[in-house]
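# Structure of the sequence below:
(2 chains)
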Amino acid sequence: MEPVEIIQHSGGVIGVAWLMIALPLLGAAILLLGGRRTDRWGHLLGVVMSLASFAVAVLAFVELLGMSGDQRRREIELFQFIPGMVDMGLLIDPLSIAFALLITGVGSLIHIYSIGYMSHDPGRRRFFSYLNLFVAAMLLLVLADNYVGLYIGWEGVGLASYLLIGFWQHKPSAATAAQKAFIVNRVGDFGLAIGVFLIWTTFGSVAYGPVFQVAGQAEQGVLTAIGLLLLLGACGKSAQLPLQSWLLDAMEGPTPVSALIHAATMVTAGVYLVVRSGAAFFPVGSTAALVVTVVGVATLLAGAIIGTAKDDIKKGLAGSTMSQIGYMMLGAGLGPVGYVFAIGHLITHGFFKANLFLGAGSIMHAMNDEVDMRKYGGLRKLLPVTFVTFFIGYLAIIGFPLLSGYFTKDGIIETAMHHSPVLGWLAVLGAGITGFYMSRMVFMTFFGQKRWAEDAHPHESPAVMTVPLIILSIGSIFLGGYLVLGNTLANWLAPAVGGPEEPIEFHFVTTPGIATLVLVAIGAAFAWMKYGRAEVPVVAPRGSFVTTFARRDLYGDAINESLLMRPGQWLTRLAVFFDNRGVDGVVNGIAAGIGGTSGRLRRIQTGFARSYALSILFGAAVVAGALLLVGNI
Amino acid sequence: MNGAIEAPTIEYGQLMPMLLVFGAAVVGVLIEALAPRYLRKAIHVPVTLLSLAGAFALIILQAVRDGVPEQASAMGAIAVDGPALFIWGVILVLAFISMLLINDDDQFVAQAAAVPGSPEEEDAVAQGGAHTEVYPLALFAIGGMLLFSSANDLLIMFVALEVMSLPLYLLCGLARRRRLLSQEASVKYFLLGAFSSGFFLYGMALVYGFAGTVDLGGISSALASVGGQDSLLYIGVALLGVGLFFKIGAAPFQAWKPDVYQGAPTPITALMASGTLVAAFGAVLRVFWVALGNLDWDWRPVMWAVAILTMVVGAILAITQTDIKRMLAYSSIAHAGFLLIGVIATGDAEQNSGSLSGILFYLLTYGITTVGAFAVVTMVRDAGGEAGHLSRWAGLGKRSPLLAGIFAFFLLAFAGIPLTSGFFGKYAVFAPAVSGGALGLVVVGVISSAVAAFFYVRVIVLMFFSEPAADGPTVALPSVGTAAVVTIAAAATVVLGVFPQPVLDLADQAASALFIR
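Sure, this is the predicted structure:
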């Protein structure tokens, strides 16, 4: 089944869909420009704007539901952005509205949660203004009907991410992490920008509709190049190999940020990009699609391995995020069936990962912002709500049967298995490792002995933080089954991304499914033996070279440093040297020369009218002589 | 011809703006003669400003209602064409704001004839007041500028040159403080001005000898029919050029500029640096394109050399200046060089009007910014009057951030930084020059601009990044007139730098009609 035609739309809620973007943008503007005057109610405004945006998204969703399937791609025109090149408009279709619901829904919950989490922070208003800015930019990214609009949103979320990672910029580590995220993302964004340029030069348009219509007529090489460039952008934003290194450091930001931007929404932008462009630039069997799957599998394994060795609860979760997005990428490279599971996993992951992150935030809130799991232990009695919700999120992510993650992740593995057993089995292996590192996290945090610091007084978080946790955990339980069983999501997305000829049947008992469960169980049991039953040392033991390998993020930073950073520094030094000696020497020499000339010429200006008159006479003679000379040639 | 003298026809309507200014000047003389001393200023100010504003209104009326005349007026002596109307408008605007500055007290001497430092001078100062003859003198000079820029006849042009210059020679000597410097400036300007007028007159005579007419159009047709190749003609052209180059301050005829600009009362310097320059460029364009356009292959190389020398000398010598007014004088020399690029590029055929409109726009932007800059100079004072020495300006940005900020903005406009009017002015001149084949000149122009940027920025650095001197100058509370001038100039510099299109269009329109012959 092919994607349906895009229909021009006006009126109704969809006609004012731009409000979704404008409201949080207005919120951000008010909070940033209003300054201290808005300190007292700024966070409330932020929440209201996010909720209002969510309301618009829901209403637009309802309006879309009221249409028949082949009517569900609506485009609204906004304004002429670059005359003759980009007409800015929004594309409201099942794919973009699904993202909009996720962004505004989860976003609103995290806004609410942040009221409690940031209550003691002097920069709370600034925090909410950045969050609003992020929501607006992310919505522009997914709602724009053209690649330039997407790119603007793409840079906007990058900016918001940078500002929020470095929110506590007085900490050098946070400032460095923010810069790292920004710089690594430059690489990806550069690829995306060139990709968009290439789309413009190839097709003469950047709007999705016209581009997808004629994409098939372009040369294969150009299509592959565009695909790979877009993928480079996706790798940067979604922390896929080889541009994954920033995500772990990005955990320096406040935890709600990690939950919203670096787990639930922004990092999935790459998946959105690949799925949105899928039919045109990543068709099944193409080189670009193959690369997407390879990147996905490599990242899902790498993230999982990194997750096994982290003692910092947020970094463990960050590794897990990398890994889960790897699954989505894998799905996104597998055509229409893959898209369904990739988007499904993206949505369920948005819930359970936000759930886990906010749970981690709640734990940190209770433990004086301690993030080292070796200093946790036995917290389940003291933080009952956090424990139960975190545990649900845990079950969901490891793919416990009938919970959300089970359906969507198994779907991806199943689809991958059809395409290539190698990819499939590697994905199964990744699921096993997930079982290990997530169990390790739960056992180290909630079970075993207390290993708290002396001044820790764990307590349950206030309702404003636990209620979002509860809502998210409900989503973590039921959402997957709802989306996958009965083909709900597949039918919903079909008009936007195309669908398989026959409805997808979800099989509960399959070889890879069973194998996955067995591996997960082994992983969990292994974690129980090492971290549940046995004593966990407060100081991490040295460990084997494999452990070190994982702890050092698979030497990702080391590779970047030796391949890029050091040569870069040498180049910088060389440039500085050349600038000091060569350029400055020339510049200073010229300046000194001109200055000296000026000083000498000045002496001609004697102040005597007679010498001025002489110079006029002399000049007149020269002018007359020259004119005679020229005239008589 | 039967001996009867035919009465000349004079299109009074077209000449009305100029006549109004001259009329007001005559009224000014009457005021000096008849009104009591204490009342004179109160009468002069409205008469002067109203006549300038009225003349400006008449120009607009002329352009809107009657359109641009296609025939020269007054028996072919005066050409009120598109460029002339635009230049008239520019001169009147600049004159108007300069007069607001002149209106400021404390700039002009009480008794010009008294020997500096003598008891007579002290008496005059004690009596208070200042020479009110300034107003009619300035009006005569302004009227001369209007005539100079629109003269279609070498003889009229010469008369206009003198009408414009003679009052200015006098005005230069009327500074209230540093009397000796002022009188020296006056005498120097007079001597050298007279000297260069001699060149102009002699050149005129030689050209007349060749063409048999002093009418610009007549010279042009004579050149077309005879076709040059006459040594006396070339010498005549050279001498005419020398007289004009002197007025615009092109090298090597620029030596008077710094001395005169420094010594003259600052409001008069503002009038000279803006109005005279505009009028002189009007005359240069007319002589070289209306009369000598057919000879352009012969004078073009010489003009190239003069333009290059002017830009380089202006930019390089400004670097080592220590007096703010002298620095602005050298900057004015450099700007004259940039404008000469436009004059050279105003070839016939197509690029003609583009380059011409560039010059017109440049004259407006540069003139307004210049008056504004000199207005700021009048406000920074210490015990001895204006604090001219650059070292006294150190740290001004800390004491008077607003004033220093505005001055810095003017300097950036001189340097041609984007978002100021100076940028579009330079662009409007350089871009057509490149397409007109004067690429080499534009390269020199851009390099000179870069050198010039150094000393503009140096003043900014001095104002904002140096510690203020303990006994530094004070910033005088500006009079209404001065404040208005600074405000108008700053606003114009911003508006023409951000939104120049309407004025550019106007200049295009004025230039599209070209000169009439």
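# Stretch A:273-281: end-to-end distance?
End-to-end span of stretch A:273-281 (C-alpha to C-alpha, to the nearest Å): 10 Å.
# I would like the residues contacting it, please.
A:2-3, A:95, A:150, A:192, A:208, A:211-212, A:215-216, A:223, A:226-227, A:230-231, A:233-234, A:237, A:282, A:288, A:292, A:329, A:332-333, A:335, A:339, A:342-343, A:497-498 (C-beta atoms under 8 Å, 6 or more residues apart in numbering or on different chains). All C-beta atoms are positioned from the backbone trio N, CA, C, and that covers glycine.
# how about the residues of the stretch 101-250 of chain B that lie near chain A?
For the stretch 101-250 of chain B, the contact set with chain A under C-beta under 8 Å from any C-beta of the partner chain comprises B:187-188, B:191-192, B:195-196, B:199, B:228-229, B:231, B:233-235, B:237-239, B:241-242, B:245-246.
# what about burial for these, which qualify?
Buried by 16 or more other C-beta atoms under 10 Å in any protein chain shown: B:188, B:191-192, B:195-196, B:199, B:228, B:233-235, B:237-239, B:241-242, B:245-246, out of those.
# Out of the contacts of stretch A:273-281, which end up buried?
Burial by neighbour count, 16+ other C-beta under 10 Å: within the contacts of stretch A:273-281 this picks out A:3, A:95, A:150, A:192, A:208, A:211-212, A:215, A:223, A:226-227, A:230-231, A:233-234, A:237, A:282, A:288, A:292, A:329, A:332-333, A:335, A:339, A:342-343, A:497-498.
# domain assignment for chain A?
The record assigns chain A these domain ranges, following automatic domain parsing: A:283-350+A:358-551, A:562-602, A:603-633.
# Tell me which of the ones you listed sits most buried.
Sort the domains of chain A by mean neighbour count, taking mean count of other C-beta atoms under 10 Å in any protein chain shown, and domain A:283-350+A:358-551 sits at the top with a mean of 21.
# Just the endpoints, please. Distance across it?
Domain A:283-350+A:358-551 has its terminal residues 37 Å apart, counting by C-alpha to C-alpha.
# Rounded mean pLDDT for it, please.
Domain A:283-350+A:358-551 comes out with an average pLDDT of 84.
# follow-up on the earlier one: what's the closest of the domains of chain A to A:His170?
Proximity to A:His170 (C-beta to C-beta) singles out domain A:283-350+A:358-551 among the domains of chain A, at 14.4 Å.
# quick check, distance from that closest one to the centre of its chain.
17 Å (C-alpha atoms, centre = their mean, to the nearest Å).
# Pull up the residues of chain A that are close to chain B.
Residues of chain A lying near chain B (C-beta under 8 Å from any C-beta): A:591, A:594-595, A:597-599, A:601-602, A:604-605, A:607, A:609, A:611-613, A:615-616, A:618-620, A:622-624, A:626-628, A:630-632.
# If we use 6 Å, what do you get?
A:594-595, A:597-599, A:601-602, A:609, A:612-613, A:615-616, A:619-620, A:623-624, A:626-628, A:630-631 (C-beta under 6 Å from any C-beta of the partner chain).
# List the ones among those residues that fall in strands.
Nothing among the residues of chain A next to chain B maps onto strands, per DSSP state E.
# Do a quick rundown of the strands in the stretch 1-150 of chain A.
For the stretch 1-150 of chain A, the strands defined by DSSP state E, counting those that start in this stretch cover A:7-8, A:74-82, A:86-92.
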